[in-house]
Every structure is written in structure tokens, then in C-alpha cells.
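>>> structure for the following, please:
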Amino acid sequence: MGTQLNPAKVTTALELPGFRVIRNFGVVRGIVVRSRSLIGNLGAAFQTIMGGNITILTELCEKARTEAFALMLEHAEELGANAVISFRYDATEVMDGVTEVLAYGTAVLVEPAER
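Numbering: from 1, shown residues only. Next comes the predicted model:
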């Protein structure tokens, strides 16, 4: 793998301010499928009784999103991209207690826009 794609060059917008797209590589994605452990389920159940933020599940979701994002960046790098535009997350419950997290966007090659 070459130079690591800079997460600052990932945007939900259709363009990256200050840059122009010179090549479009198409859709890239990172997929992670996670399940909750028995201990995590018990801890989450206890936290729901207490109310408020369910930190066990928050941490699980954040870890899954982080991993999916990193996989998407790797996919973009493999294609030769140095940026990702139109970035999004999606999540689907595959089965009870098992969730797929998808990070996706359009991999592009950008260069600084002329001023």
C-alpha cells in the first residue's frame, strides 16, 4: 500500500473545497459485521435500566464505524484515489444482535484547484 489516504480528504459533499477531481474511480466501501457478546448484552441491559447513554453499545457502534471507514479508505487507496467524496454510513441488522455497518463513497483523484 502506498501513501495513506488522508481522512481530511473525505467529505459527505459532492466536491472537496480547494480541489478539483481529475479522475473518478467509482464507489468504494468498507463493510464490518458485528455481534454483541453475552457480557455486552447483559451490560447494555443493565444500562437501559439505569437510563441515559448506553456506553457499551455506543463503543461497539463506534468501533464498527471506525473499522468500516478504515476499510473504505484502504479500498480507495488500492484503486489509486487520494480522496473520497459523497461519503456515507449505513447500518443493517442482519439477524438479531448482528449488525452490518457499511461505509461508502466515491473514490476520486484530486489536485489543488488553480486560484
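
>>> so F87 touches A107, yeah?
No. Here F87 lies out of contact with A107, judged by Cβ atoms under 8 Å, at a distance of 10.2 Å. In short, each C-beta sits where N, CA and C put it, glycine included.

>>> more neighbours: those two, which one.
Comparing F87 with A107 by other Cβ atoms under 10 Å, the one with more neighbours is A107, at 26 against 18.

>>> buried sites along the helix or strand that contains that one?
According to DSSP states H and E, A107 maps onto strand 98-112. Buried residues in strand 98-112, counting neighbours by 16 or more other Cβ atoms under 10 Å, are found at T99, E100, V101, L102, A103, Y104, G105, T106, A107, V108, L109, V110.

>>> repeat that for stretch 68-78.
Using 16+ other Cβ under 10 Å as the test for burial, stretch 68-78 gives A68, F69, L71, M72, L73, H75, A76, E77.

>>> from the chain's centre, how far out does that stretch sit?
Computed by Cα atoms, centre = their mean, to the nearest Å, the chain-centroid distance of stretch 68-78 equals 9 Å.

>>> and for stretch 7-19?
Worked out by Cα atoms, centre = their mean, stretch 7-19 lies 15 Å from the chain centre.

>>> so after the helix or strand hosting R65, what's the next helix or strand?
Element membership of R65, judged by DSSP H and E, is helix 55-79. Next along the chain after helix 55-79, taking DSSP H and E as the criterion, comes strand 83-95.

>>> hmm, who's touching that following strand?
Surrounding strand 83-95, the residues in contact under the criterion Cβ atoms under 8 Å, 6 or more residues apart in numbering are 5, 9-16, 19, 21, 28, 33, 65, 68, 72-73, 76, 99-110.
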